[in-house]
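[1] Take this sequence and fold it.
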Amino acid sequence: MSVGIAFANMAMYHHTLLLTMLLSGRRQWRKEAIDKDDFMRVPHLIPETHLYLVQDRALLLMRRCNTGYQDGRYGLVAGHVEPGEDFVDAMIRETREEVGLTLAPDALEIVHVMYRLKTGDERIAGFVRVRDWQGEPRIMEPDKCDDLQWFPLHALPENMIPYVRQCVTYIRQGIFYSQRYGDD
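    From the prediction side, this is the model:
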């Protein structure tokens, strides 16, 4: 077995382990709960979560501003998974912080996972569909978002974050997992 294949197999094992922990809701992936030597062997992925919120065949999108990343483009309500959280916990927190909606854990379903390798980091993104929520979406962080709209699924805006657009397409096609390489 070549070194490249061995490394790829090891990386896939660690990605699968991290994905399993995030999807299962285990709370034990905190840095302090992982042996230091094991932590140094695990590739450092940045987990993020995205809200796939559809109402009357329209998708809720927010336009980023003043963040330094994809400003002027539309994306889903999203954020990083913090230590001790899984995709669902992070989605509940981020949704409340960004658009003021209250979500119940049993109303959420992970519908897509994307592994992204881009210049400088590796990311794993969980896309979460919500069946029910409380409240009306509104901009809660005007310093990071300057527009919040429902867009018909058949007429999404041109200025959408590319990998988010790709994942929305995959979700609509029933594809659960994808990979993307290169900058967005």
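[2] part of a helix, is Asp106?
    Yes: applying DSSP: H, G, I helix; E, B strand; the rest coil, one finds Asp106 inside a helix.
[3] show me what contacts it?
    By Cβ atoms under 8 Å, 6 or more residues apart in numbering, the contact set of Asp106 is empty. C-beta: built from backbone N, CA, C; applies to glycine.
[4] so how far is Glu158 from the spatially most central residue of the chain?
    With distances taken as Cα atoms, centre = their mean, Thr49 lies nearest the centre of the chain, 2.5 Å away. With distances taken as Cβ to Cβ, to the nearest Å, Thr49 is found 25 Å from Glu158.
[5] Arg64 reaches Val77, doesn't it?
    No: here Arg64 does not reach Val77: they are 11.2 Å apart, not a contact under Cβ atoms under 8 Å.
[6] So between these two, which is more surrounded?
    Using other Cβ atoms under 10 Å, the more surrounded residue of Arg64 and Val77 is Val77, with 26 against 19.
[7] looking at it, that one is touching Glu94, isn't it?
    Yes: with contacts counted by Cβ under 8 Å, Val77 reaches Glu94, the gap being 6.2 Å.
[8] State the helix or strand in which the residue nearest to the centre of the chain lies.
    Thr49 belongs to strand 45-52 when elements are defined using DSSP states H and E.
[9] Flag every buried residue along that strand.
    By 16 or more other Cβ atoms under 10 Å, the buried positions in strand 45-52 come out as 45, 47-52.
[10] Need those in TSV (columns: pLDDT and distance to Asp106).
    Output for the buried residues of strand 45-52, formatted as TSV (pLDDT from 0 to 100; distance: Cβ to Cβ, whole Å):
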residue	pLDDT	distance to Asp106
Leu45	83	27
Pro47	94	21
Glu48	94	22
Thr49	96	17
His50	97	19
Leu51	98	16
Tyr52	98	17
